[in-house]
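# Got a predicted structure plus its sequence, pasted below:
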Amino acid sequence: MFKQLAKFSTSARSLARSRKQYRISPHIKLRPPIVPSIDNIEIKEDHALWQFFEDKSFVRTPEQITFTGRAWTVQELRRKSFEDLHSLWYVCLKERNKLYRESHVYDQIESLRSQEFEGLSEQIRQTMIHIRQVITEREMAVRNAQAEFEVIGDEYLDEFKDNYLKEENVETDEWYNKLERLQYAIFGIPDVLDTSLIVDVKFLEGVRYIGQLKYEKFASSIGREDIGKLRDIAEIYTVFEESATADGVKEACQKIDEYRESELVIPGSKEIQVVQGFIDDKIKQAESDLTEEEIKE
Amino acid sequence: MSNSLRNLSKRYGANLERFPFFLRKMFDQMSREAQLPALSSEVAEVPMKKRFNKPEQWKVEVGDRVLMTKGKYRGHVTKVLALHRPTNRLFLELAETKKMVVPKQFWQPGQSTHVIDYPRTVHPDDVKVVGTAIERAEDGTEREKDIAADQLVFKGEYWDADYGKMMPYRRVRFHENIIIPWPRPEPEEECSFSTPIEAAEERTYLPKCLVRTDAPEGIVESLRDPLIKRRYKWDKQYITRSEAKKLRQPEMPFSDVKKAMFAERAQIRANTPTEPSTETIELVGKLVADRLNSVTDPNFAAYVNSVAPDARAKKIEAREKAKMIHDEKIREAQERNKIRRRTEAKYKSRSQKRNGNVVF
């Protein structure tokens, strides 16, 4: 059978002469070559490297990067939440990446224009340094406060307890807010529990303090001193869970009576697990209630 | 690596701050010589540390009216156009100019020649700030009058909302009740990079919890180098003795033991002699005299004599004696000269009478 010899290439010719007898298939159709051109290259709209370009332009003009502002000061950043600082950091980082790329373009042709890009980049760098400072400062302040609270914390909590017990009417918004603030400030227990919450020693400490406080305040007034000392974490949590009112504690006491019939006592090693279980159950209950309501609607 | 990074790096960049002053100056001069005259400023740039950054240092702000005290326009009142921070100098509205050749790529819009008149800068010491005072005439009419402050003092501060910072009161020296107010700055325009004021001032964080912040756990450690050799200064868990002393308030009143100690110390201080007694002085003097009198080496003896307490008086006495002898000799010589001159004149007049004036 006739075989077409590729004659346009010396390598093809030498291959044809070789023992291997390389031939191009007759079914292959030769087309004109594709000219390398920018129009032949397609880039996806959401290509990750577009983040290095402003409005998909090669370089910005010096007029586009003239600035009249200044870097964020530490004082301004102290008012911002971590979420804000985090997003500002990445805004700065992306902008600096763009500026570096563009200044590099000017550097290659040894143009002094690159300095203008670096000037703005320096301002942004200042902001980033300030963000780091604010975050470090904040964390260090919390750590210092924790260390100080270890020294004077018991005294403070005792004082609060005394005030709470002495107060005649604690079923007011003022005292509810006080309790709420105290449990969040010192034990980190938020008012509304959610799935991200992790029970730890501090949490248990808070549960114990608040539960005990409520019980001591209302036990005599509702006539339930017969319960005596709260035996374990399950009982304390029952009181903690209820509202800081006489009715709430009364309800908790009824639950404690039911619980005591089972004669279960939770050991110290299981406390965290048990409380976590209580919270998870409650969240599940709340979720199922929500879905039921949605179905009804 | 970008240019700024290269400059920042200790290894690859020539950090001029690390060189001694004279070398820095030399490099600066070399770079200035290599530059086009149009690109370099007429006056050398001031090092970063010496640049003015306070209004007290500048004494004037943009928009101030000033009286020029030096140069061609001495005595004219003009306005400050800009502060040239790299050289600590001012651009004024009315200023001397110099001819400058500008390369085409730096031409301003509307420029048609290479040679332009470029304004020269002026040092803030060569201008005086002009303010307005209200003069009240005898008939009660009020008239505004310009005053130029020879010297200024800065006393007191106030919050200037337009500048966005604390500004000092600018007073005329020796007339401190006269305050020359700072000019109003032009409002800053917003650029594409600026944040709206409301967004910047909005508060989104309030510390409410001792247990945690709103940041994820271990954020500080993630910001730090885990392999760092030295400890962070923020982690310092101890205070030094001197710091403790500063932080602790002194116990008042002092205890009896401490008071007794103070009394004892005062007693010791009072009893300790501040000057040597006469006996001690005599003893030391005797010992030193014995030692010096037993010197046999003539050279050492000469040295001892030269540093003796009366050596200087002796030296002065000898010098005065020598001077007296010298003066006497001069006086004798003058006497002799007088006699000689008289004798010569006598014989001269005689020969003149005999021969007449001889003219060669």
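Arrived safely.

# Which helix or strand in chain A has the lowest average pLDDT?
Of all helical and strand segments in chain A, the minimum by mean pLDDT, DSSP states H and E falls on helix A:10-17, at a mean of 68.

# Could you identify the helix or strand that succeeds that helix?
Next helix or strand after helix A:10-17 toward the C-terminus (DSSP states H and E): helix A:74-77.

# buried set for that following helix?
By neighbour count on 16 or more other Cβ atoms under 10 Å in any protein chain shown, the buried set for helix A:74-77 is residue A:77. Placement of C-beta: from N, CA and C, glycine included.

# so after that helix, what's the next helix or strand?
Next along the chain from helix A:74-77, counting by DSSP H and E, comes helix A:82-108.

# Now name the helix or strand holding residue 273.
Reading this off chain A. Assigned by DSSP H and E, residue A:273 falls in helix A:271-296.

# And that helix, what does it pack against?
The elements that helix A:271-296 packs onto, with contact taken as 3 or more Cβ pairs under 8 Å, 6 or more residues apart in numbering or on different chains; DSSP states H and E, are helix A:201-218, helix A:233-241.

# Which neighbouring elements make contact with the shortest one?
Looking back up the chat, that one is helix A:233-241. helix A:201-218, helix A:246-261, helix A:271-296.

# just these: most buried one?
helix A:201-218 (a mean of 19; mean count of other Cβ atoms under 10 Å in any protein chain shown).

# Report the contact partners of whatever residue of the stretch 151-297 of chain A ends up closest to chain B.
Nearest to chain B in the stretch 151-297 of chain A, going by Cβ to the nearest Cβ, is residue A:188, at a distance of 3.1 Å. Contact partners of residue A:188, counting by Cβ atoms under 8 Å, 6 or more residues apart in numbering or on different chains, are A:202, A:203, A:206, B:209, B:210, B:211, B:212.

# returning to that earlier point: report the mean per-residue pLDDT for the helix holding residue A:273.
Helix A:271-296 carries an average pLDDT of 88.

# Over to the nearest residue to the residue of the stretch 151-297 of chain A closest to chain B once chain neighbours are set aside: give its phi and psi.
Of all residues not flanking residue A:188 in the chain, residue B:211 sits nearest, at 3.1 Å (Cβ to Cβ, 6 or more residues apart in numbering or on different chains). Main-chain dihedrals, residue B:211, degrees, to the nearest 10: phi -80, psi -40.

# Now do the contacts for residue B:211.
A:146, A:186, A:187, A:188, A:202.

# let's see it at 7 Å
A:187, A:188, A:202 (Cβ atoms under 7 Å, 6 or more residues apart in numbering or on different chains).

# again, but for residue B:95
B:119, B:120, B:122.

# I'd like to know how far it sits from residue B:113.
20 Å (Cβ to Cβ, to the nearest Å).

# And residue A:294, by the same measure?
80 Å.

# Residue B:334 now?
Residue B:334 is 81 Å from residue B:113, by Cβ to Cβ.

# what's in contact with stretch A:224-233?
A:204, A:212, A:215, A:219, A:236, A:239, A:253, A:256, A:265-266, A:271, A:274-275.

# can you rerun that using 8 Å?
Taking Cβ under 8 Å, 6+ apart as the rule, stretch A:224-233 contacts A:204, A:207-208, A:211-212, A:215, A:219, A:236, A:239, A:249-250, A:253, A:256-257, A:260, A:265-266, A:271, A:274-275.

# Also stretch B:186-197?
A:64, A:65, A:66, A:67, A:68, A:69, A:72, A:95, A:120, B:62, B:63, B:162.

# at 10 Å what do you get?
A:54, A:64-70, A:72, A:76, A:88, A:95, A:120, A:123-124, B:62-63, B:162, B:164, B:200-202 (Cβ atoms under 10 Å, 6 or more residues apart in numbering or on different chains).

# I'd like the helices and strands packed on helix A:271-296 written out as JSON lines, with mean pLDDT added.
As requested, the helices and strands packed on helix A:271-296 are arranged in JSON lines below (pLDDT from 0 to 100):
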{"stretch": "helix A:201-218", "mean pLDDT": "92"}
{"stretch": "helix A:233-241", "mean pLDDT": "91"}
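
# Can you give me the domain assignment for chain A?
Using automatic domain parsing, the domain parsing of chain A gives A:50-137, A:171-296.

# Between those domains, which has the poorest mean confidence score?
domain A:171-296 (a mean of 89).

# what about it, how long is it end to end?
35 Å (Cα to Cα, to the nearest Å).

# Return the longest helix in the chain, judged by number of residues.
Going with chain A. Counting residues, the longest helix found in chain A (DSSP state H) is helix A:114-166.

# that's the other chain; I wanted chain B
helix B:311-355.

# Against which helices or strands is that one packed?
Here helix B:311-355 is seen to pack against helix B:298-307 when contacts are counted using 3 or more Cβ pairs under 10 Å, 6 or more residues apart in numbering or on different chains; DSSP states H and E.

# per-residue confidence averaged over the helix it packs on?
pLDDT averaged over helix B:298-307 gives 90.
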